[in-house]
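1. Sequence and predicted structure below; questions after.
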Amino acid sequence: MITAIFRTGLLTAVTLAAAAGTAGAGGFGRGEADTDILYEDGTAAFRAKTTFVAPQRGYETINGAAATDGKTLDSYFVPSLGVMARMSDNLACAGTYTQPFGASVEYGAQAQAADAAASATGNATVEAKFRTHEYGLTCAVRTELERGRVTFLGGVFVQSFDYTEVSRLGTLRLKDDSELGYRLGAAYEIPDIALRAEMMYRSQVSHDGDGGFTVSGAGAPVLSAITGTVVPAGLELPAVGAGTLPQSLELSLQSGIAPGWLAFGSVKWTDWSVLPTLDYTITGLGPLSKNFRFRDGWTVTGGVGHTFTDTISGAVSLTWDRGVGTGADIMTDSWTVGLGTGIKAGPGEFRVGGAVSYLTSGSQQAGATLADYNATVGSDVAYGANVSYLLKF
């Protein structure tokens, strides 16, 4: 009964808490590869998950005036797929897919006006978004001990990067189809009491993207004046860019604490300080950069799970995520409550849950290495929902 909670409540509540928390803090983190599928029993397993996050965040003031633009962060989905094959009692491998990092923001007329006033060319960002895709293969080798067992995990993944920024002068697109990364981990388990302690490391990935900048109708006369040549609307200027997405290290703990009850928790460090800027060069316009100046992120989760019947389990969790913003962008602390339930249905398990995040207030400051204009946000909320289905053979 205790181990049943581990396979349902833990994965549901923790995943939901982490996903909703990234709506307002934790840098650009979104999904994590489903390496937990390596601990499932049986010779094969398949899990499909999707998480929806709706951050309700917008500026409260812009350059000291009350903001009227409304919400700036877009809602998003995070897909996840995991397929596990167990070759022997001691060896299993899993193929995984997810979108580990991403962001999507749209700026209203007031924010655009403030941005344009700070620019020598009157340029302003209208919207910006980026997405990554991760395809991974991870294997687990375990060794039985006199008391419990040890599992060693390792694998590689390929990560892509796709960035689009629409401004008054034109649209910038940068893309890097594939860069290689790796993950390493180890775990100690005592299955009889559902105890597991796992440490997992994921490497950083440096991207070198190329693409182009398509000149807008408003941008054509401005860029013509800058370059001293005629730059027609619709012309695509070659562009290249580079940036690094962070490494992370996570310690996860869980244990049965009473018949039918499980306690769990985790601490995760993410090296967001590795991304001070996104640097890019547009032919004819020279080198440019977008400031982030993030500090490292910390995410702490704790919760309990309970088995209600042989087919229904549930869990509740609380997550604190330290905001990574230092003034160039607004990335504040968040507190998230997650609720999840697991229901054995037919040949598999259906899991569903929801989460609510409280996003603390914060500000950004104008400066040469900071933001283009001053702005503040108040206390906001974000909502998350998650659905998954696990099939084992």
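-> Happy to help now that I have it. Numbering: from 1, shown residues only.
2. residue contacts, the closest residue to Leu169 other than its chain neighbours?
-> Computed as C-beta to C-beta, 6 or more residues apart in numbering, the closest residue to Leu169 that is not its neighbour in sequence is Gly219, at 3.3 Å. C-betas here are computed from N, CA, C, even on glycine. Gly219 makes contacts with Asn123, Ser167, Arg168, Leu169, Gly170, Val231, Ala233, as judged by C-beta atoms under 8 Å, 6 or more residues apart in numbering.
3. run the last query once more with 10 Å
-> Applying C-beta atoms under 10 Å, 6 or more residues apart in numbering to Gly219 gives the contacts 121-123, 167-171, 213, 226, 231, 233, 235.
4. Please enumerate the helices of the stretch 151-300 of the chain.
-> Using DSSP state H, counting those that start in this stretch, the helices of the stretch 151-300 of the chain run over 219-227.
5. Same list (the contacts of Gly219) but as a markdown table, adding neighbour count.
-> What follows is the contacts of Gly219, written out as a markdown table (neighbours: other C-beta atoms under 10 Å):
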| residue | neighbour count |
| --- | --- |
| Thr121 | 15 |
| Gly122 | 14 |
| Asn123 | 19 |
| Ser167 | 23 |
| Arg168 | 19 |
| Leu169 | 25 |
| Gly170 | 27 |
| Thr171 | 18 |
| Phe213 | 27 |
| Ile226 | 16 |
| Val231 | 22 |
| Ala233 | 14 |
| Leu235 | 16 |
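6. Please report how far Gly185 lies from Ala263.
-> Gly185 sits 21 Å away from Ala263, taking C-beta to C-beta, to the nearest Å as the criterion.
7. more crowded one of those two?
-> The residue with more neighbours, out of Gly185 and Ala263, is Gly185; 21 against 17, by other C-beta atoms under 10 Å.
8. Surely the more buried one and Arg202 touch.
-> Yes. Taking contacts as C-beta atoms under 10 Å, Gly185 lies within contact range of Arg202: 9.0 Å.
9. overlap in contacts of those two?
-> Where contact means C-beta under 10 Å, 6+ apart, the residues bridging Gly185 and Arg202 through contact with each are Thr35, Leu249, Glu250.
10. got the phi/psi numbers for the first one?
-> The reference is to Thr35. Recorded main-chain torsions at Thr35 are phi -80, psi -10, according to degrees, to the nearest 10.
11. Quick check: closest non-adjacent residue to it.
-> Once chain neighbours are set aside, the closest to Thr35 by C-beta to C-beta, 6+ apart is Thr138, at 5.1 Å.
12. next one: the last one
-> Once flanking residues are discounted, Glu250 sits nearest to Lys268: 4.0 Å by C-beta to C-beta, 6+ apart.
13. Quick check: the gap between the one you found and Trp320.
-> Counting by C-beta to C-beta, the gap from Lys268 to Trp320 is 11 Å.
14. Sticking with Ala328, tell me its helix or strand.
-> Using DSSP states H and E, Ala328 falls within no helix or strand.
15. Give me the local confidence score for it.
-> Per-residue pLDDT puts Ala328 at 93.
16. same check, this time on Gly24
-> pLDDT, Gly24: 39.
17. ranges for the strands of the stretch 151-300 of the chain?
-> Residue ranges of the strands in the stretch 151-300 of the chain, as given by DSSP state E, counting those that start in this stretch, are 170-190, 195-202, 205-215, 236-245, 248-258, 261-270, 277-282, 286-291, 297-307.
18. Tell me the buried residues in the second one?
-> Residues Leu195, Arg196, Glu198, Met200, Tyr201, Arg202 are the ones in strand 195-202 that count as buried (16 or more other C-beta atoms under 10 Å).
19. So, low pLDDT: which residues of the chain?
-> 1-26 (pLDDT under 70).
20. Kindly recompute the last result at 80.
-> Filtered on pLDDT under 80, the chain yields the residue ranges 1-26, 346.
21. hang on, the earlier thing: quick one, which of the strands of the stretch 151-300 of the chain is nearest to Arg142?
-> When the strands of the stretch 151-300 of the chain are compared by C-beta to C-beta, strand 170-190 sits nearest Arg142, at 8.1 Å.
22. just how off-centre is that closest one within its chain?
-> Centre-to-centre, strand 170-190 and its host chain are 11 Å apart (C-alpha atoms, centre = their mean, to the nearest Å).
23. Buried residues of it, list them for me.
-> The neighbour-count check on strand 170-190 (16+ other C-beta under 10 Å) flags 170-176, 179, 181, 183, 185, 187, 189 as buried.
24. Lovely, talk soon.
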